[in-house]
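Asker: what shape does this take:
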Amino acid sequence: MIDHTGINVSDIARSKAFYTAALSPLGYEIRKDFGEAVGFGVADGSGRSGDPGGDFWISQGEPYVPRSHFAFAAPTRAAVDAAYAAAIKAGGRDNGPPGLRVRYHPEYYAAFVLDPDSYNFEFVCHTAA
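Answerer: A predicted model of the protein is given here:
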């Protein structure tokens, strides 16, 4: 299990607001905020590493080239839909609307969004729920 990961962002305030909104439907919240670095995680640590600082970090800096791809697990397809809608409302750009991606496996339901720095991230549910 990956304990935590992170990315550099060009504008920490903008990305902090974006990820706060986009990840909220999945139960994420800011767990640590050092100003130049912010950690997001699920409050109760369920299904995650349990790190009190969170499992996804953003840090002020030059965005990575090439941009990384990362995926957030969603417990249901409805959660994928809600997170996608929140991300788009918060300024994300569509990179693949919610739907089945059967080329990965029959129940792979995901949505893809480009964040303010054009990182490609997804919300994914692996069950028919």
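Asker: what ranges do the helices span in this structure?
Answerer: Assignment of helices within the chain using DSSP state H yields the ranges 12-23, 77-89.
Asker: tell me which residues of the shortest one come out buried.
Answerer: The one in question is helix 12-23. The neighbour-count check on helix 12-23 (16 or more other CB atoms under 10 Å) flags 12, 15-16, 18-23 as buried. C-beta coordinates here come from the backbone N, C-alpha and C atoms, glycine included.
Asker: from those residues, pick the one nearest residue 121.
Answerer: Distance to residue 121, by CB to CB, is smallest for residue 22 among the buried residues of helix 12-23, at 8.4 Å.
Asker: and that closest one, how close does it get to residue 43?
Answerer: Relative to residue 43, residue 22 is positioned 17 Å away (CB to CB, to the nearest Å).
Asker: and what of residue 109?
Answerer: Distance of residue 109 to residue 43, given as CB to CB: 25 Å.
Asker: which of those two has more residues huddled nearby?
Answerer: Set side by side, residue 109 and residue 43 show more neighbours around residue 109, with 24 against 10, by other CB atoms under 10 Å.
Asker: verify the stated contact: residue 110 with residue 102.
Answerer: No - using CB atoms under 8 Å, residue 110 is not in contact with residue 102; the gap is 11.0 Å.
Asker: neighbour count: those two, which is higher?
Answerer: Set residue 110 next to residue 102 and count neighbours by other CB under 10 Å: residue 110 wins out with 22 against 10.
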